[in-house]
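[1] Give me a model of this one.
(chains A and B)
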2 protein chains.
Amino acid sequence: MASSSSLTLSQAIFSPSLPRHGSSSPSLSFPSFSGLKSTHFTSSHRRILPSTAAVKQPSVRASTAVETFEKTDAATVEKSVNTIRFLAIDAVENANSGHPGLPMGCAPMGHILYDEVMKYNPKNPYWFNRDRFVLSAGHGCMLQYALLHLAGYDSVQEEDLKSFRQWGSKIPGHPENFETPGVEVTTGPLGQGIANAVGLALAERHLAARFNKPDAEVVDHYTYCILGDGCNMEGISNEACSLAGHWGLGKLIAFYDDNHISIDGDTEIAFTEDVSARFESLGWHVIWVKNGNTGYDEIRAAIKEAKSVKDKPTMIKVTTTIGFGSPNKANSYSVHGSALGAKEVEATRNNLGWPYEPFHVPEDVKSHWRPRTSEGAALETEWNAKFAEYEKKYPEEAADLKSIITGELPAGWEKALPTYTPESPADATRNLSQQNLNALAKVLPGFLGGSADLASSNMTLLKMFGDFQKNTPEERNLRFGVREHGMGAICNGIALHSLGLIPYCATFFVFTDYMRGAMRISALSEAGVIYVMTHDSIGLGEDGPTHQPIEHLASFRAMPNILMFRPADGNETAGAYKVAVLKRKTPSILALSRQKLPQLDGTSIEGAAKGGYIVSDNSSGNKPDVILIGTGSELEIAVNAADELRKGGKTVRVVSFVCWELYDEQSAEYKESVLPASVTARVSIEAGSTFGWQKFVGDKGKAIGIDGFVPVLLLEGYTKSSV
Amino acid sequence: MASSSSLTLSQAIFSPSLPRHGSSSPSLSFPSFSGLKSTHFTSSHRRILPSTAAVKQPSVRASTAVETFEKTDAATVEKSVNTIRFLAIDAVENANSGHPGLPMGCAPMGHILYDEVMKYNPKNPYWFNRDRFVLSAGHGCMLQYALLHLAGYDSVQEEDLKSFRQWGSKIPGHPENFETPGVEVTTGPLGQGIANAVGLALAERHLAARFNKPDAEVVDHYTYCILGDGCNMEGISNEACSLAGHWGLGKLIAFYDDNHISIDGDTEIAFTEDVSARFESLGWHVIWVKNGNTGYDEIRAAIKEAKSVKDKPTMIKVTTTIGFGSPNKANSYSVHGSALGAKEVEATRNNLGWPYEPFHVPEDVKSHWRPRTSEGAALETEWNAKFAEYEKKYPEEAADLKSIITGELPAGWEKALPTYTPESPADATRNLSQQNLNALAKVLPGFLGGSADLASSNMTLLKMFGDFQKNTPEERNLRFGVREHGMGAICNGIALHSLGLIPYCATFFVFTDYMRGAMRISALSEAGVIYVMTHDSIGLGEDGPTHQPIEHLASFRAMPNILMFRPADGNETAGAYKVAVLKRKTPSILALSRQKLPQLDGTSIEGAAKGGYIVSDNSSGNKPDVILIGTGSELEIAVNAADELRKGGKTVRVVSFVCWELYDEQSAEYKESVLPASVTARVSIEAGSTFGWQKFVGDKGKAIGIDGFVPVLLLEGYTKSSV
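    Numbers count the residues shown, from 1 in each chain, chains lettered A, B, ... in the order given. Have a look, this model is predicted:
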């Protein structure tokens, strides 16, 4: 395997030996930055082709290269396209499960993208300056797997294609970034991918604006996306695309696979809007390729035109035939999500003139694609040289960009976190959160984010920065508008662009209901987004039950690989942020109060990092008479109740349960020291559903909470629920 | 209070004495149909005006009446509009909380709608054939409360206005249908309202197509909606409006309050798309009223034009000034969501020439609105007469329509539910669900629904009906496309249109994450939607973790007023449907398997209705050695495990926990008979998160489940989690 020395860096960062979902320690160690060696290549924008390949396979993948395109002979293109089609057909047939229709229709645009247009290095899927590709219509993943296979990615070997959708496969039924190197994000739930693509393109635009210099364009890539009818029906795609138009993300190029078929049949039954006109209304440049099945030059011309439009994203509507090539199933829903069946596979082989065995890649197709590997290595080497020059001239900027690329946080960053004493003024945790956000933005070069039109309520503005806008993309305050779902998915794209980009986003906690689809993908795809969720309980005031979270804490505590924090004061808020920043493969949610809370005695950043810890205790021998457990605004209530009980002669322990998931990760010994089995008199107090609390209060304990909708403001007298 | 005898009916149905959230019995009793007496009024479409009112106040509220409009004198209109503005200002000021900006800007369109255009009967807010109004921008609710007050609704008296946003108020901080008669749906979370409006308009169109006769138009009303920039940014609104355009809902008229301000400031910072062009692309007729502040005739002309377009919904973009009249705060975000403050209230009073005390309605404004009450009663009386004629000519249709209006289910409907024996063939509960859906559609005239492009996977097609489409609106299969969130909110609108409309909607269970916002509003607003959610666990197969529910059962069990069913076989599926149909004020979710499940011995409709019940037991004296608890596909596993244990000499009870919420409603005695306190050897088995199971298995029990994402298909060997 050809591999330049600089590959090691990014590969090491993403190596599967790193802790995955729910690592037991809140700290991750990052490899040191060792790559980016200078080489003999020039820093020209033009792609540098290794000599042997250059002679035989003129190529067009550098960013300016479409203009200088020299065609591969048409027969080879056709053969490569059919290879993609049959790899998809064969893999789905072998699995007897999957979606052959999209790959058969989208093979031409897929071929052109990976063969002629995109910059990437197959042997280092994590090379920083690669073009990003997102298959938003994730069910058609065999398209991407076939392309990764042909392009020379180690992640998709012939045996992988044969294990598609089966136990232990590296190429699952929908694309998953954490399973298959070369896949950027996790798609499948429709509409997520295009929104991720907006996030990836935003990240590129922001970093380019911050770091590029007239003599050194170190950030410069496109983001490509294929989306289908289903993605375009989903509201999230309209939200994200409205923002992409607003932000003028010119290097985002989306292909709309216009095939008129969805699972239930012809899109005529539910989808008759004018999609092109809608995208135009959103501020996109729109192109229509009428023959996506065989119109290769039409596709090429569209990409060229798209690249020439710098101030708008482009949507290329490509009209295709789903299941192209299948004589009896093309253009029907039957080819959308089921194997063709042996008979129809045979008929398709005959129809497309494909005499080969299943999974066969003809030798001339292989040799056509082979140079992609050396070219990719050369692209990265060239970029490394460019970066080395940059580092010499602009050492400060280079250090920041390195931190963003590698995820290695600046030494001592955590010292920036504010600390509090009981004498510090009472404050709402949303305000304390803002102190943390602003402290972190000063020391973390990749820290950026914003709110869904509630910045002044969520308290999320970074005071030292302006707004990220079309003409000020170097700024770090993101303005998402009232688009929670799009916001979450865009942040997933940002987080997965570079390890050191740490996006946060915000709304009222109750509106997580609007963005839960994206939040679950954060958790699944290991995108360490920080969700800043204020107005965390009925303590929010007069807005009424539409705005009052009840079941939300429980609903996220049940979700895998996401940390649900409910800090009680300043120290716990800082502790939550410390963990959230460190946990780059686990998203965090901070539920924060609107109302003022006192700074409590006994809280700490270290305690918060353990998830549950003792705040105060007047007992000895690990045998208090009673344990009171609180979270967030109710920890104060627990503290006050303990004071009363102690006056009556009881020994009382107060425990803060700021993050259940972190507590669950602690040792049995530690847990026994906090909640000794022998002490069954336990009471939890939380202004939310009591659902799940039985786990900590036990059969003999009591959970006090709120299990129904509450008509209006209720600041005292929580409903008691004996569980 | 003037009230015709026919009012009693609908009022009785909605009387507050009916069981609310989480009634303890699955059966509701419905009042008998006693109204619709014939009267001396003709059945002309033209509004019948009581004689005194007719002389002094020519009015234009009948459906064809805009054309015959005679203007109220301009000064009175202006005064009425300012009354609305100041009621909003004063109520927000009094509460020191709320949103005065929208009511101040939208008062002119609000006045015209309620004073000149809409058909309603203030003394019977539930009169079936009323025009529906939805304030999608629900934060501006003082607009609607002021209008209801002026129009003579008993629900909003002067003292109510003075209690706005306060404890015990009948007019909460966002409009809630269950609190304030005259409010159709619950809005506030942005975008829900416009989608509800699409559902209301769909219901009208469907019922009109089914029941109207050339000589008797018994269903004939408009649906009006005011939505703001925030609603238009939300993806759900695009989903719902795309469907409204597709369906050609010509009697849906939406006013877009185009005021350029959202919470974070000018919409320029995040919302620069061309909204009008977008709506045109969605198939809407679009009109622009450039002067929404004082252009009364422009607004009137737009409504007239909108009504003339029969085959498309209309969006009237009304450019307004938020906080119109406030000299220092108009057109700024500061007037969006905060009280003006005493000084600015004074300045606004001066500016608009308003010499009155807070909450004062000038006598001439009162007398201008007074006739709305008698006119409304006359409208209903006229309609009752029309319906009486209809009933004579078309008794069968009338009986069905009556059932839909009153919610009184046809006698013996539940006999249509299929039953099963252990000898019945094994089948997936999604298929058994389809048997139930089709059985119910035969006997319930208001039963209709569909899927978000997964009809053939969710098994939701009603075989005896065609598709509800533009040209076949009488049909009952709804095709929502891939628009889960819009689907849920549209179903809320359908459910809240008429008590006997019972909508169901479907997708994969995991995609409830996309529609949770609408599902929570179902729960809160007491909309008895039935959510048919298939592919309920990792048993779904090869699609991978993006498609596998893990935490979803727990997340809904924690949500108030929603029933989370996971039936194990045919009898339990029928039992779940029986309860779901009866619980008209509580939505239900059915989690259904993709895979085949056996028909078990001991399951029953009656058992399922109790939520948790004994399926088998070989012990005596309520003292089994062990209790095995299962749900859905894992009940079979529990049954098989019990057989094994019994062979080993143990006494074992198997309990099905098909719906936790229903079990929680049972008596302590019943619960002790199912889960005796003395038996602590309990094991639960469920292919989902173990979160919450401690409640039933207790400190000494074990919960077996799946608490993490699962890479791919896993049909056996569930992760054991000891909780």
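[2] Can you name the residues of the stretch 401-550 of chain A that neighbour chain B?
    A:451, A:453-457, A:467, A:469, A:479-486, A:510-511, A:513-514, A:516-517, A:520-521, A:523-524, A:541-547, A:550 (CB under 8 Å from any CB of the partner chain). All C-beta spots, glycine's among them, are computed from the backbone N, C-alpha and C.
[3] Give me the buried subset of the residues you listed.
    Buried by 16 or more other CB atoms under 10 Å in any protein chain shown: A:451, A:453-455, A:457, A:467, A:469, A:479-486, A:510-511, A:513-514, A:516-517, A:520-521, A:523-524, A:541-547, A:550, out of those.
[4] quick check: mean pLDDT across the helix or strand hosting A:V77?
    Using DSSP states H and E, A:V77 sits in helix A:74-95. For helix A:74-95, the mean pLDDT works out to 97.
[5] Tell me how far that helix lies from the chain's centre.
    Chain-centre distance of helix A:74-95: 30 Å, with CA atoms, centre = their mean, to the nearest Å.
[6] what's downstream of it, the next helix or strand?
    Heading C-terminal from helix A:74-95 (DSSP H and E), you reach helix A:101-112.
[7] now that next one against helix A:74-95, angle please.
    On the basis of axes from the mean of the first three to the mean of the last three CA atoms, to 10 degrees, helix A:101-112 is oriented at 140 degrees to helix A:74-95.
[8] could you say what helices and strands helix A:101-112 packs with?
    Under the contact criterion of 3 or more CB pairs under 8 Å, 6 or more residues apart in numbering or on different chains; DSSP states H and E, helix A:101-112 touches helix A:74-95, helix A:142-151, strand A:223-228, strand A:252-258, helix A:296-308.
[9] now those in TSV, with mean neighbour count and distance to chain B?
    Output for these, formatted as TSV (neighbours: other CB atoms under 10 Å in any protein chain shown; distance: least, CB to the nearest CB, whole Å):
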stretch	mean neighbour count	distance to chain B
helix A:74-95	23	7
helix A:142-151	27	13
strand A:223-228	29	9
strand A:252-258	27	14
helix A:296-308	19	20
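[10] Looking at those, which is nearest to B:T651?
    With CB to CB as the criterion, B:T651 lies closest to helix A:74-95 of those, at 45.0 Å.
[11] For that closest one, which helices and strands make contact with it?
    With contacts defined as 3+ CB pairs under 8 Å, 6+ apart, helix A:74-95 has these neighbours: helix A:101-112, helix A:142-151, helix A:158-162, helix A:342-352, helix A:363-369.
[12] Would you point out which residue of the stretch 1-150 of chain A is nearest chain B?
    Going by CB to the nearest CB, chain B is nearest to A:S97 of the stretch 1-150 of chain A, at 4.8 Å.
[13] My understanding was that that residue contacts A:G173; is that so?
    Yes: under the criterion of CB atoms under 8 Å, A:S97 makes contact with A:G173 at 7.3 Å.
[14] shared neighbours of these two, anything?
    Residues within reach of A:S97 and of A:G173 at once, by CB atoms under 8 Å, 6 or more residues apart in numbering or on different chains, are A:165, B:542.
[15] When those two are compared, which one has more neighbours?
    When A:S97 and A:G173 are compared for neighbours, A:G173 comes out ahead with 27 against 19, by other CB atoms under 10 Å in any protein chain shown.
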